[in-house]
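Enquirer: I would like the atomic coordinates for the input below:
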Amino acid sequence: MGFFFLCVGLLILGYFTYGVLVERIFGIEPDRKTPALELADNVDFIPMPTWKVFMVQLLDIAGVGPIFGPILGALYGPQALLWIVLGSIFAGGVHDFFSGMLSVRENGESIPEVIGNSLGMPARHVMRFFSLLLLILVGVVFVMAPAGLLENLTGVSKHLLVIIIFAYYFLATILPIDKIIGRFYPIFGALLIFMAFSVVIALFLSDHTVLPDLDFFKNVNPNKSYDGRQLPIWPLLFVTLSCGALSGFHSTQSPLMSRCLKNEKHGRLVFYGAMIAEGIIALIWATAGLSFYPSVEAYNEVIHNGTASAVVDGVCRGLLGSTGGLLAILGVVILPITSGDTAFRAARLILAETFSLSQVKAVKRLMIAVPLFVVGYLISMVNFSTVWRYFGWSNQTLAMLVLWSAGVWLARRGKFYWIAVLPAAFMTAVSVSFILYMKIGLSLSYELSNYIGIAFAIVAVVLFLIKSFKWKKQVLQAGNAC
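Expert: Here you go, the predicted structure:
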């Protein structure tokens, strides 16, 4: 129990220390007009109260992410909690802050445009395709999963439920952001927090031993890789447990709230703070997974037979009774829906920027939304599991690119870029090692994959440093000219 509270305390301390450092290095300008005020259009650019922007941001980036990810990541043992703490403070918080605040500085642009401004036009084109694919996959999977669960609960045809959920997504995508998302998401965000804290309080009051095994030097995951090796902590943990530590998906969502932020001084709370809050929720669910079941084998069997949603249902009902059943339904049905609709909304905005289509008039929004949802519906009708298996890797690769982009932005302005470069290099090694080793990639040997992954990271840092010397000279010359 003490270790759990230590982790929570470190996350809170990180917000008030490292979060402040990140904010100062970025250099907020409280007197600068934000896109919400300068470009207000009553559709996507709408100034909203800071507390509401924070709650919407939390739900946009969270959904079931900080529940399912930590549940699966906890199979590796208490190391998952360390990754949540260190990842949230030094990687995820930095990633979310820069993806949000760079969007604020770039007139609320989506992440492909932000990255393109730092890394060039080829990167912009790659990121447009990459982000759209990611968002559509998230949107579709968060139609199919809740529809399947609702079918089991209600007996209503899954096909009909898919149509109903898609219809809701369509409305949430084209209506002004304050009509559905801004109005109801703060409530759902509060319920997400209530759900997590109800679970952890009930766990502490129960007969279960909290975190019974804190051996950080062994891998307890009972599953095997395709080559017969026990699933290795490196690099799999850092891809499996993304939301709650570091997730590229967040960068597609942060620009939604960059268009609603009234002052740059609130950026740390909204972007860095929401990541810390998500980290705390992730800690709770990882702790619940490691504490509720008698052994990691029993825990793994529940996941194997019913996915992470079965753990949510079992933990909630086991600790909270009938109330827990309602919370479980909230967790595995309502929360994924709130991630799916913002995924489609973000996709609409990326396409609008790509084709330079103003979104003020409803007809222009429909021009993008209708074909977008037709594609999404068609994908939902086929088996896209092969593509989906690449989601974890592509998600963390996106996070890596956003961090590199933040490093470039800082270096070009003569600022301390290591806050972004170090986590970017770390995730470069993770992403490259993962795709080289896993069966969905090149299926190379574990050792060789790691050597190449680390080599890629070192080369990337060296190339960055070479370029940074050039940018430093440019900054000095500009200063002398002034």
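
Enquirer: which stretches of the stretch 1-150 of the chain form helices?
Expert: 2-16, 18-26, 35-38, 50-61, 65-73, 79-87, 93-105, 111-119, 121-154 (DSSP state H, counting those that start in this stretch).

Enquirer: just the residues contacting the shortest one, thanks.
Expert: Contacts with helix 35-38, where a contact means CB atoms under 8 Å, 6 or more residues apart in numbering, come from Phe45, Ile46, Pro47, Met48, Val104, Asn107, Gly108, Ser258, Arg259, Cys260, Leu261, Lys262. C-beta here means a position set from N, CA and C on the backbone, and glycine is covered the same way.

Enquirer: surely the first one is in contact with Thr34?
Expert: No. With contact defined as CB atoms under 8 Å, Phe45 and Thr34 do not form a contacting pair (9.2 Å).

Enquirer: for the stretch 151-300 of the chain, give me the ranges with low pLDDT.
Expert: Within the stretch 151-300 of the chain, no stretch has pLDDT under 70.

Enquirer: go with 80
Expert: Counting by pLDDT under 80, the stretch 151-300 of the chain contains low-confidence ranges at 152-154.

Enquirer: please identify the helix or strand for Glu278.
Expert: According to DSSP states H and E, Glu278 maps onto helix 274-292.

Enquirer: same for that helix, what does it pack against?
Expert: Taking 3 or more CB pairs under 8 Å, 6 or more residues apart in numbering; DSSP states H and E as contact, the helices and strands that helix 274-292 lies on are helix 2-16, helix 50-61, helix 65-73, helix 79-87, helix 93-105, helix 181-205, helix 296-329.

Enquirer: out of the ones you listed, which comes closest to Val461?
Expert: Checking these against Val461 by CB to CB gives helix 93-105 as the closest, at 16.2 Å.

Enquirer: report the distance from that closest one to the chain centre.
Expert: Distance of helix 93-105 from its chain centroid, counting by CA atoms, centre = their mean, to the nearest Å, is 13 Å.

Enquirer: now do it: which elements does it pack against?
Expert: helix 18-26, helix 111-119, helix 249-258, helix 267, helix 274-292, helix 391-412, helix 418-437.

Enquirer: out of those helices, nearest to Phe456?
Expert: helix 418-437 (4.5 Å).

Enquirer: how many degrees apart are the closest one and helix 391-412 in direction?
Expert: 150 degrees (axes from the mean of the first three to the mean of the last three CA atoms, to 10 degrees).

Enquirer: any idea of the angle helix 418-437 forms with helix 79-87?
Expert: Put simply, helix 418-437 runs at 140 degrees to helix 79-87, going by the same axes, to 10 degrees.

Enquirer: next, the angle helix 18-26 makes with helix 418-437.
Expert: If you take the same axes, to 10 degrees, helix 418-437 sits at 110 degrees to helix 18-26.

Enquirer: what angle do the helix holding Glu278 and helix 181-205 make?
Expert: Going by the same axes, to 10 degrees, helix 274-292 makes 30 degrees with helix 181-205.

Enquirer: chain center to helix 274-292: distance?
Expert: 14 Å.

Enquirer: just want the angle from it to helix 249-258.
Expert: 140 degrees.

Enquirer: filter the contacts of helix 35-38 down to the buried ones, PyMOL style.
Expert: Only the buried entries of the contacts of helix 35-38 go into this PyMOL selection, using 16 or more other CB atoms under 10 Å:
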select buried, resi 45+46+47+48+104+108+258+259+260+261
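
Enquirer: that older thread, to Phe426, which of the helices and strands packed on helix 274-292 lies closest?
Expert: Closest of these to Phe426 is helix 79-87, at 9.4 Å (criterion: CB to CB).

Enquirer: and stretch 440-457, what's its mean pLDDT?
Expert: The average of the pLDDT scores along stretch 440-457 is 96.

Enquirer: what residues of that stretch count as buried?
Expert: Neighbour-count burial for stretch 440-457, counted by 16+ other CB under 10 Å, picks out Leu444, Tyr446, Ser449, Asn450, Ile452, Gly453, Phe456, Ala457.

Enquirer: what's the longest helix seen in the chain packed up against?
Expert: Longest helix in the chain by number of residues (criterion: DSSP state H): helix 446-481. Counting contacts by 3+ CB pairs under 8 Å, 6+ apart, helix 446-481 is packed against helix 233-240, helix 391-412, helix 418-437.

Enquirer: and the closest residue to Gly87 other than its chain neighbours, helix, strand or coil?
Expert: Excluding its sequence neighbours, the residue lying closest to Gly87 (CB to CB, 6 or more residues apart in numbering) is Ala245, at 3.0 Å. Following DSSP: H, G, I helix; E, B strand; the rest coil, Ala245 is assigned to coil.

Enquirer: pretty sure Ala245 contacts Trp83?
Expert: Yes. Look at Ala245 against Trp83 with CB under 8 Å: they come within range, at 5.3 Å.

Enquirer: so for the two, which residue has more residues nearby?
Expert: Ranked by neighbour count (other CB atoms under 10 Å), Ala245 and Trp83 place Ala245 first, with 30 against 23.

Enquirer: returning to that earlier point: turn the helices and strands packed on helix 446-481 into CSV, including mean neighbour count.
Expert: Shown next, in CSV, are the helices and strands packed on helix 446-481 (neighbours: other CB atoms under 10 Å):
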stretch, mean neighbour count
helix 233-240, 23
helix 391-412, 24
helix 418-437, 24
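
Enquirer: which one of those lies closest to Gln57?
Expert: Of all the helices and strands packed on helix 446-481, helix 391-412 sits nearest to Gln57, with 15.8 Å by CB to CB.

Enquirer: can you give me the angle the closest one makes with helix 446-481?
Expert: 30 degrees.

Enquirer: who are the packing partners of helix 391-412?
Expert: Using 3+ CB pairs under 8 Å, 6+ apart, the elements in contact with helix 391-412 are helix 93-105, helix 111-119, helix 121-154, helix 233-240, helix 249-258, helix 418-437, helix 446-481.

Enquirer: ok, which of the ones you listed comes nearest Leu326?
Expert: helix 121-154 (11.4 Å).

Enquirer: what does the next helix or strand after that closest one contact?
Expert: Later in the chain than helix 121-154, the nearest helix or strand by DSSP H and E is helix 158-174. With CB under 8 Å, 6+ apart as the test, helix 158-174 has contacts from 139, 143-144, 146-148, 150-151, 180-181, 337, 340-342, 344-345, 348, 362, 365-366, 369, 372-373, 376-377, 380.

Enquirer: and helix 158-174, how far from the chain's centre?
Expert: Centre-to-centre, helix 158-174 and its host chain are 23 Å apart (CA atoms, centre = their mean).

Enquirer: mind listing what's buried along it?
Expert: Residues Leu161, Val162, Ile165, Phe166, Tyr169, Phe170, Ala172, Thr173, Ile174 are the ones in helix 158-174 that count as buried (16+ other CB under 10 Å).

Enquirer: got CSV for those, with distance to Gly87 too?
Expert: Output for the buried residues of helix 158-174, formatted as CSV (distance: CB to CB, whole Å):
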residue, distance to Gly87
Leu161, 35
Val162, 34
Ile165, 31
Phe166, 33
Tyr169, 30
Phe170, 34
Ala172, 29
Thr173, 30
Ile174, 35
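
Enquirer: determine which two of the residues you listed are furthest apart.
Expert: Taking CB to CB, no two of the buried residues of helix 158-174 sit farther apart than Leu161 and Ile174, at 21.0 Å.

Enquirer: and Gly340, what does it touch?
Expert: Val138, Gly139, Val140, Val141, Phe142, Val143, Pro146, Ile165, Tyr169.
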